[in-house]
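>>> need the 3D shape of this:
(one chain, ligands or ions: 1)
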Amino acid sequence: MGILQDRLTEYSQSDFYPYHMPGHKRNPAGTLPGEWTSRDITEIEGFDNLHDATGILQQMQEKAATAYGAEESFYLVNGSTCGILSAISAAVPFGGELLITRNCHKSVYHGAYLRHLSLHYLYPDMLEEYDICEAITAKQVEEALEAHPGVAAVLIVSPTYEGRIADVKAIAEVVHKKGLPLIVDEAHGAHLGFSPDFARNSARLGADIVINSVHKTLPAMTQTALLHVNGGLIDRQILKRHLRIYQTSSPSYVLMSSIEEAVDMVGEESAFEEFVIHWRELLTRLSELKNLRILPNSFEECRKKKQDIGKLIISTKETELSGTKLYDMLLTEYHLQPEMVCESYVLCMFTIGDTKEGYDRLAEALLDIDKQIQGATKTGFGKLQVPETVLPFYEAWDREPEEIPLKDAEGRIAGEFLNLYPPGTPILVPGERLTKDIITFLEKCLSEGLTVQGISREGCIKVLRGRM
Ligand SMILES: Cc1ncc(COP(=O)(O)O)c(C=O)c1O
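Got it, this is the predicted structure:
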């Protein structure tokens, strides 16, 4: 057990009486289950303070820094979201310019909104065979930095939601050549670097700030995350200021002890051995699929370390099924809940927390479905053109919009994000122009039953008033 778990256990069994928050007072006769409340404390004597850690919480953060190869690490209890907001705020001056991968999480956009940043986008290539975005390359970053000399920092996502991994070392070199910091949203990669079969983690590959959602790929409570910092390009005092702004002033000790347990676990030498064995067996079994296709399609593919272990894309592209139909079948007929669905694929996620039964049930269901379906040639939704930015997005988002039917929106300027959810990455950002192509694309998404955030049930969207 970690330092904090031990202390919380000891404290919950002691006779100290709480004349302090939280309001449940650790009282087992209260309305909440006793196992929830017994360890749920606040900053009391002996338990340190996350916002000015000098005691056990500082020791725990130092353990995390050592595990991930960082000079300094910070516990986050408001998810990677608060780490991303803090990283952006520390790396780019108010009103400055930031270069980001277009398929970034919405928290990146929210950070840019709060700080009135002008955004420049890195558009990843498509891996056409699977209809997913590739990881961004060093060459793309280098070219974008030449085109936008005013940029103050670069933020990329790796692994992507779909598990594509960038060459972070090469990207860091390109960014550092310009004297700029590289932020890596590694929310989906808290496990990286802890098995010889995984890609290395970005803190060890030269990134200046790295953010991990511990809760996504490690067995930890929802909202737990870490931020790592290296080098001299980030002002640590400013970073800490923003962590204090974006994190709750009442960090949960239950969540913090969960981070510690996860960090202790990844440090164990054989932690991921069984996980890798199960994963390898799954890929071997699924190599028998005749119609559905998977990514990675072999363990060798993972060895190249461009596709993350644990993220399984099941493509329906060359079958009569749509992604949503496969998703519905897995959910209703087999009681298997995938992580996400798109037009032509379903994404299932595996971690060290999965049981053998979890692997077997998915393999059996997919092999079973595969036998029932036929191959087919389909035309996809097609590739969208890069939209025209008419107004800085923070300015457009603050204007009062009007609601009009999507079908009448050609030529108008988006007043709200239009996101496919999940993963919540934008098709259109406020301030960008709607074209016929984009409207057709959105209509196809809706007719496929995909969730598009920003379109009402009545089929209306928010646009800026007047024509521009
Ligand atoms: C790529 C990426 N970055 C950041 C986040 C935010 O993470 P959290 O939910 O831990 O705040 C997510 C959440 O889905 C994500 O997919």
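
>>> quick one, what contacts the closest residue to the ligand within the chain?
At 2.4 Å from the ligand, residue 79 is the closest residue in the chain, using C-beta to the nearest ligand atom. C-beta: built from backbone N, CA, C; applies to glycine. Going by C-beta atoms under 8 Å, 6 or more residues apart in numbering, residue 79 touches 213, 215, 223, 224, 225.

>>> which one of the residues you listed has the most neighbours?
residue 224 (29 neighbours; other C-beta atoms under 10 Å).

>>> backbone dihedrals for that residue, please?
For residue 224, the backbone dihedrals (degrees, to the nearest 10) come out as phi -80, psi 140.

>>> restrict the contacts of residue 79 to those near the ligand?
213, 225 (C-beta under 6 Å from any ligand atom).

>>> out of the contacts of residue 79, which sit inside strands?
Residues of the contacts of residue 79 located in strands (DSSP state E): residue 225.

>>> quick revisit: gap between the residue of the chain closest to the ligand and residue 162?
Separation of residue 79 from residue 162 (C-beta to C-beta, to the nearest Å): 20 Å.

>>> just to revisit the earlier point, widest-spaced pair of the contacts of residue 79?
The span of these, defined through C-beta to C-beta, is set by 213 and 223 at 8.8 Å.

>>> tell me how many other residues crowd residue 14.
Residue 14 has 8 neighbouring residues, counting by other C-beta under 10 Å.

>>> same question, residue 337
Neighbourhood size, residue 337 [other C-beta under 10 Å]: 9.

>>> need the contacts of residue 79 in a markdown table with distance to residue 283, can you?
Output for these, formatted as a markdown table (distance: C-beta to C-beta, whole Å):
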| residue | distance to residue 283 |
| --- | --- |
| 213 | 25 |
| 215 | 25 |
| 223 | 31 |
| 224 | 29 |
| 225 | 29 |
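
>>> now the contacts of residue 79 in JSON lines, with distance to residue 93 and pLDDT?
Below are these laid out as JSON lines (distance: C-beta to C-beta, whole Å; pLDDT from 0 to 100):
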{"residue": "213", "distance to residue 93": "27", "pLDDT": "98"}
{"residue": "215", "distance to residue 93": "31", "pLDDT": "98"}
{"residue": "223", "distance to residue 93": "29", "pLDDT": "98"}
{"residue": "224", "distance to residue 93": "30", "pLDDT": "98"}
{"residue": "225", "distance to residue 93": "25", "pLDDT": "98"}
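
>>> once you drop chain neighbours, what's closest to residue 147?
residue 120 (7.7 Å; C-beta to C-beta, 6 or more residues apart in numbering).

>>> how about the residues of the stretch 351-468 of the chain near the ligand?
By C-beta under 6 Å from any ligand atom, the residues of the stretch 351-468 of the chain that approach the ligand are residue 423.

>>> separation between residue 183 and residue 102?
Taking C-beta to C-beta as the measure, residue 183 falls 15 Å from residue 102.

>>> more neighbours: those two, which one.
Taking other C-beta under 10 Å, residue 183 and residue 102 do not tie; residue 183 has more neighbours (31 against 19).

>>> my read: that one touches residue 90, true?
No - the criterion here is C-beta atoms under 8 Å, and residue 183 misses it with residue 90 at 9.2 Å.

>>> what residues are shared contacts of these two?
residue 209.

>>> okay, now the domains of this structure?
With domains defined by automatic domain parsing, the chain comprises 58-251, 273-372, 393-464.

>>> just name the most buried of these.
Among the domains of the chain, ranked by average contacts under mean count of other C-beta atoms under 10 Å, first place goes to domain 58-251 (a mean of 21).

>>> end-to-end on that one?
Counting by C-alpha to C-alpha, to the nearest Å, you get 14 Å between the two ends of domain 58-251.

>>> quick one: it to chain centroid distance?
What separates the centre of domain 58-251 from the centre of its chain is 10 Å, taken as C-alpha atoms, centre = their mean, to the nearest Å.

>>> what's the answer for stretch 287-301, then?
Worked out by C-alpha atoms, centre = their mean, stretch 287-301 lies 24 Å from the chain centre.

>>> before we move on, the earlier item: could I get the domains of the chain as TSV with distance to residue 265?
Output for these, formatted as TSV (distance: least, C-beta to C-beta, whole Å):
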stretch	distance to residue 265
domain 58-251	7
domain 273-372	8
domain 393-464	26
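
>>> show me which residues of the protein sit near the ligand.
Residues of the chain lying near the ligand (C-beta under 6 Å from any ligand atom): 79-81, 105, 107, 157, 161, 185, 187-188, 213, 225, 423.

>>> residue 74 belongs to a strand?
Yes - under DSSP: H, G, I helix; E, B strand; the rest coil, residue 74 sits within a strand.

>>> ok, now which ones touch it?
Residue 74 is in contact with 61, 83, 226, 227, 228, 229, 240, 243, counting by C-beta under 8 Å, 6+ apart.

>>> go through those and say which is closest to residue 177.
Taking C-beta to C-beta as the measure, residue 177 lies nearest residue 229 of the contacts of residue 74, at 20.2 Å.

>>> who touches the closest one in this structure?
Counted by C-beta under 8 Å, 6+ apart, residue 229 has contacts 70, 71, 72, 73, 74, 208, 209, 236, 239.

>>> most widely separated two among the contacts of residue 74?
Among the contacts of residue 74, the pair separated by the greatest distance (C-beta to C-beta) is 226 and 240, at 14.7 Å.

>>> in JSON lines, list the residues of the chain next to the ligand along with secondary structure.
Formatted as JSON lines, the residues of the chain next to the ligand follow (three-state DSSP):
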{"residue": "79", "secondary structure": "helix"}
{"residue": "80", "secondary structure": "helix"}
{"residue": "81", "secondary structure": "helix"}
{"residue": "105", "secondary structure": "coil"}
{"residue": "107", "secondary structure": "helix"}
{"residue": "157", "secondary structure": "strand"}
{"residue": "161", "secondary structure": "coil"}
{"residue": "185", "secondary structure": "strand"}
{"residue": "187", "secondary structure": "coil"}
{"residue": "188", "secondary structure": "coil"}
{"residue": "213", "secondary structure": "coil"}
{"residue": "225", "secondary structure": "strand"}
{"residue": "423", "secondary structure": "coil"}
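
>>> which residues sit in contact with the closest residue to residue 403 other than its chain neighbours?
Leaving aside its chain neighbours, residue 403 sits nearest to residue 460 (4.5 Å; criterion: C-beta to C-beta, 6+ apart). Contacts of residue 460 were listed using C-beta under 8 Å, 6+ apart, and they are 403, 404, 405, 406.

>>> residue 460 pairs with what?
residue 405 (DSSP bridges).

>>> check the gap between residue 177 and residue 136 for me.
Going from residue 177 to residue 136 by C-beta to C-beta gives 17 Å.

>>> nearest spatial neighbour of residue 12, skipping sequence neighbours?
Residue 12 sits nearest to residue 38 (C-beta to C-beta, 6+ apart), 4.1 Å away.

>>> make sure that neighbour is actually in contact with residue 28.
Yes - between residue 38 and residue 28 there is a contact at 7.2 Å, judged by C-beta under 8 Å.

>>> between the two, tell me which one has more neighbours.
It is residue 38, of residue 38 and residue 28, that has more neighbours when counted by other C-beta under 10 Å, with 19 against 13.

>>> show me what contacts the more buried one?
Residue 38 makes contact with 12, 26, 28, according to C-beta under 8 Å, 6+ apart.
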